[in-house]
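Visitor: turn this into a model:
(one chain, ligands or ions: 1)
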Amino acid sequence: MTSSAPLEMENVTKRFGFFTAVRDLSLNVPQGAIVGFLGPNGAGKSTSLRMALGVLSPDEGEVRLFGERPNIDSLRHVGFLPEERGLYKKMSPRAIISYFARLKGMSAGESRKRADELLEMMGLTEFSRSRISKLSKGMSQKVQILASLAHRPDFLILDEPFSGLDPVNQQGLEDLIIEEHKRGATILFSTHVMEHAERLCDSIVMMARGRKVFDGTLDEAFGALGRAVLIGVSDGFDLDGAMTAKGFGENEKHGDTWRVSLPSGRDAQDALRAAIDAGAPITSFRPEDARLRDVFVSLVSDAEAEDLRQSLAAHAAKGEAA
Ligand SMILES: Nc1ncnc2c1ncn2[C@@H]1O[C@H](COP(=O)(O)OP(=O)(O)OP(=O)(O)O)[C@@H](O)[C@H]1O
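Guide: Residues are numbered from 1 along each chain as shown. Predicted coordinates for the structure are as follows:
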């Protein structure tokens, strides 16, 4: 296998008619990484993943899979779970999984062995010879996931793999992703569910309205949100005035608790000291425990606000020109 990164996208744009679904996207999925691809509905995730596989061609920019434009050879090393689910209803899970493995070059004997092993891992052994039509939606989704990775791909691309699974099966899928990663696979998966990304990923890429709004490690994502502490005070104390005087300018009140943003170079202890020095009657204190969900909401709303600003500016420019 080549030493090039499993996936590189450079300034990729995709339009459908006048609509730009993906705008100037650059990203790099390095060998051995688990990357989460996040974004609200319609952000352009599936379109980007389809371009990564060569199912769609970009209008601008370049896609490289293991250093080459997606082609039959490079795709042999890739496993893909599409967003659209669907399997041959009359086949059994065992037959489907081994069929997909054989399509990617595995021998008949090895593919059946691998199918049995995977079905056991996902608790599906007793259904291995049933027809897909007899399985629940979640079960057939698990079979489709197993079919995508049966040939032990070097690079696994999963489009919304967790959607439609109950919490137990979501946990089972997290375990499977970790197993695949231990085996040596690089993984890129899209999701709306931040908690999976928080638990599994080395780094994340966030999209909103076709644009990349964040690309970095989880720590960098939390850093992008800005840190804060939550300070509870009694007797309607004016913490805002006190903290502003001590250089903590951004303070929001939520009931008796204030959210005090930490300016760069000041930490939680500095904020606590400042509140004590100001004589605040403190009833509670804790550094804010930011979640990926907060980062996501903040970056996505920034991107939406920027879009609105640009479209208003374009409207105004049109008006002036008329
Ligand atoms: N073949 C197509 N023709 C026209 N528009 C399309 C096509 N495919 C996608 N789009 C549009 O491009 C935008 C991005 O769609 P895409 O499916 O990539 O988003 P997504 O981030 O995967 O969203 P979701 O999480 O809802 O699946 C959407 O507005 C969608 O309607």
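
Visitor: near the one residue in the stretch 51-200 of the chain that gets nearest to the ligand, how many other residues are there?
Guide: In the stretch 51-200 of the chain, the residue that lies nearest the ligand is Glu83 (5.7 Å; Cβ to the nearest ligand atom). For every residue, glycine as well, the C-beta is placed using N, CA and C. Per other Cβ atoms under 10 Å, the neighbour tally for Glu83 reads 14.

Visitor: OK, contacts around the nearest residue to it once chain neighbours are set aside?
Guide: Counting by Cβ to Cβ, 6 or more residues apart in numbering, Glu83 lies nearest to Asp159, which is 4.2 Å off, once chain neighbours are set aside. Each residue near Asp159 by Cβ atoms under 8 Å, 6 or more residues apart in numbering is listed here: 45-46, 49, 80-83, 189-190.

Visitor: ditto for Ser163
Guide: So Ser163 contacts 191-193 (Cβ under 8 Å, 6+ apart).

Visitor: picking up where we left off before, could you check how far the residue nearest to Glu83 is from Ser148?
Guide: To Ser148, Asp159 is 10 Å away according to Cβ to Cβ, to the nearest Å.

Visitor: list residues touching both of these two?
Guide: 80-81.

Visitor: the helix or strand of the chain with the lowest mean pLDDT close to the ligand?
Guide: Every helix and strand of the chain was ranked by mean pLDDT, DSSP states H and E. The lowest is helix 292-321, at a mean of 73. No: Helix 292-321 does not reach the ligand (Cβ under 6 Å from any ligand atom); its nearest approach is 11.4 Å.

Visitor: now do stretch 152-169
Guide: No: contact of stretch 152-169 with the ligand (Cβ under 6 Å from any ligand atom) is absent, the minimum separation being 6.6 Å.

Visitor: quick one: average pLDDT of that stretch?
Guide: The pLDDT scores in stretch 152-169 average 91.

Visitor: buried stuff in that stretch?
Guide: 152-162, 165, 169 (16 or more other Cβ atoms under 10 Å).

Visitor: the helix or strand hosting Ile187 packs against which elements?
Guide: Assigned by DSSP states H and E, Ile187 belongs to strand 186-191. Contacting strand 186-191 under the criterion 3 or more Cβ pairs under 8 Å, 6 or more residues apart in numbering; DSSP states H and E are the following elements: strand 34-38, helix 45-52, strand 155-159, helix 167-183, helix 194-200.
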